[in-house]
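>>> Pasted the sequence and its predicted model underneath.
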Amino acid sequence: MTYEQRPRPTTVEAGASLVGLVGLVSAGRVAYGVILNLSQDHWSAGARGVFLVLNSIVLIFALFLLVLAYQVRRGRTWAWIVSLVMLPFTILFGGLLTLITAGGGAFPFAGAAVVTSALAALLTLTIPRSARAYFLAKPPPPIPPYPYPAPRQPWDPNRTHA
């Protein structure tokens, strides 16, 4: 039985979906910020370049979260561990950017969505026992693709061969 053949708990499905949501909202937030930045005329070229470089780094992490969501859904333990490391940083930096946006007088819809979905994903992948057991249990060894040889029968002189 491989990773994909094990029964997957609903909490793992929900957690993987929430990790994917964090990636999508983060990517959408970057896209909106870049479009908003390019439409403004009062930024200098250097400030605009720094902004675009920083947003490209955030976009790379957002796309990596989408890959992690797929691998968590497939039951990969390494993806679960990496997502448990990345989600607290996402909450921290998303909260910081949310406070900066709120300090500027705007309501941070995307920032609140990133922080909320990242917190929900972290809690969904760590608190339920079924999710932890799914990732921490070793999968059974794979079944070979060929049939096992039949056990040898003792010799019987009265047995007829067909």
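Looks like it came in fine.

>>> so where do the helices sit in this structure?
10-39, 45-73, 77-103, 109-126, 129-136 (DSSP state H).

>>> Can I get the ones you listed in a markdown table including distance to residue 154, mean neighbour count and mean pLDDT?
Placement of C-beta: from N, CA and C, glycine included. Below are the helices of the chain laid out as a markdown table (distance: least, C-beta to C-beta, whole Å; neighbours: other C-beta atoms under 10 Å; pLDDT from 0 to 100):
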| stretch | distance to residue 154 | mean neighbour count | mean pLDDT |
| --- | --- | --- | --- |
| helix 10-39 | 49 | 19 | 91 |
| helix 45-73 | 50 | 16 | 91 |
| helix 77-103 | 46 | 17 | 91 |
| helix 109-126 | 54 | 20 | 93 |
| helix 129-136 | 44 | 15 | 91 |
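
>>> Rebuild these as TSV, extending it with distance to residue 156.
Formatted as TSV, the helices of the chain follow (distance: least, C-beta to C-beta, whole Å):
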stretch	distance to residue 156
helix 10-39	53
helix 45-73	54
helix 77-103	50
helix 109-126	58
helix 129-136	49
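
>>> and residue 142, which of those helices is closest to it?
Residue 142 lies closest to helix 77-103 among the helices of the chain, at 16.1 Å (C-beta to C-beta).
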